[in-house]
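**Q** Build me a structure from this.
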Amino acid sequence: MEEKESIQNFFVGKTSPFLLFDKAYHSLYYVVENKIDNHRFSEENNPACEVALIGILAYFEAFCKHQFAAIINIFPELAIKFSEKRRNLQIDLFSVISYQENTFRNLGFILAEKYDFGSALSINGNFRDLIAITPFSKERTIIFDEIVYKRNLLVHHGGYYTLQSLSNARVDIREHKTKAFKDNVKIEPSIYLEHADFLFEMALHITENTIDAIKELELYKSLDEESLQVKAVDQLGVGLYDKIS
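**A** Model prediction:
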């Protein structure tokens, strides 16, 4: 059965990517704000901040994937240029059978699942090949790598340093290898908020860059102002409390 045309169908969860991330960002803020103080198990470590850091990075990665998918869903024609740069691009038969006549409308969801959005390099590469933007500068990449480094320690090693992690040349750790398997990364509220705010600013930056790049496309300029696609692009800029553009 063919889907009824609606702006919501362009987006994961029927919600524009930035708005979805904005809600998660504020929800995790309240988790950290309401942490248990003076608890005997959190005198040195802060479980609320640790879990929130894992969460906010997961939501950011999902945001990037959702944004990528939304762009293609709104303008499937962009997948052609993307495929010219990704020669190995394929759509599996299961996806076609699952969506049937709605495959073309859901092309963004199908393609987004195939690509990694867990590093600054992969995010830059995916958006560059799709819409010619590279959100992460060298300086932003360094900050992002540090956040990913801490998240990986928490997820894979319970937060404790390992010899391999302390040898990571991409991150300025400034720790001695004597800390390996003995000391753990500390995520206090101020550190969490600093990292969360950076990710929020990156989501905002990606959204702004996406909208600006789309509006420069002849594909967009040829559309009627009342078209579903123009309204969907406008929806990309909607946040929880503000409208980006």
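**Q** What residues sit buried inside the helix or strand harbouring residue 194?
**A** Residue 194 belongs to helix 189-215 when assigned by DSSP states H and E. For helix 189-215, a neighbour-count test (16 or more other Cβ atoms under 10 Å) marks 191-192, 195-196, 198-200, 202-204, 206-211, 213-214 as buried. Bear in mind the C-beta positions are built from the backbone N, C-alpha and C, glycine included.
**Q** same for that helix, what does it pack against?
**A** Judged by 3 or more Cβ pairs under 8 Å, 6 or more residues apart in numbering; DSSP states H and E, helix 189-215 is in contact with helix 17-33, helix 47-74, helix 120-131, helix 138-157, helix 228-236.
**Q** and the fourth one, which residues are buried?
**A** Of the residues in helix 138-157, 140-141, 143-154 count as buried by neighbour count, 16+ other Cβ under 10 Å.
**Q** In CSV: those, plus pLDDT and distance to residue 166.
**A** Shown next, in CSV, are the buried residues of helix 138-157 (pLDDT from 0 to 100; distance: Cβ to Cβ, whole Å):
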residue, pLDDT, distance to residue 166
140, 97, 24
141, 96, 20
143, 95, 19
144, 97, 19
145, 93, 15
146, 92, 14
147, 95, 17
148, 95, 15
149, 91, 10
150, 92, 13
151, 94, 16
152, 90, 13
153, 90, 10
154, 90, 15
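**Q** quick one: which of those residues is nearest to residue 161?
**A** Within the buried residues of helix 138-157, the smallest distance to residue 161 is 6.9 Å, found for residue 153 (Cβ to Cβ).
**Q** any idea how far residue 206 is from that closest one?
**A** 25 Å (Cβ to Cβ, to the nearest Å).
**Q** cool, and residue 11?
**A** In terms of Cβ to Cβ, residue 11 sits 15 Å off from residue 206.
**Q** Which phi and psi values does residue 184 adopt?
**A** With angles defined as degrees, to the nearest 10, residue 184 sits at phi -130, psi 160.
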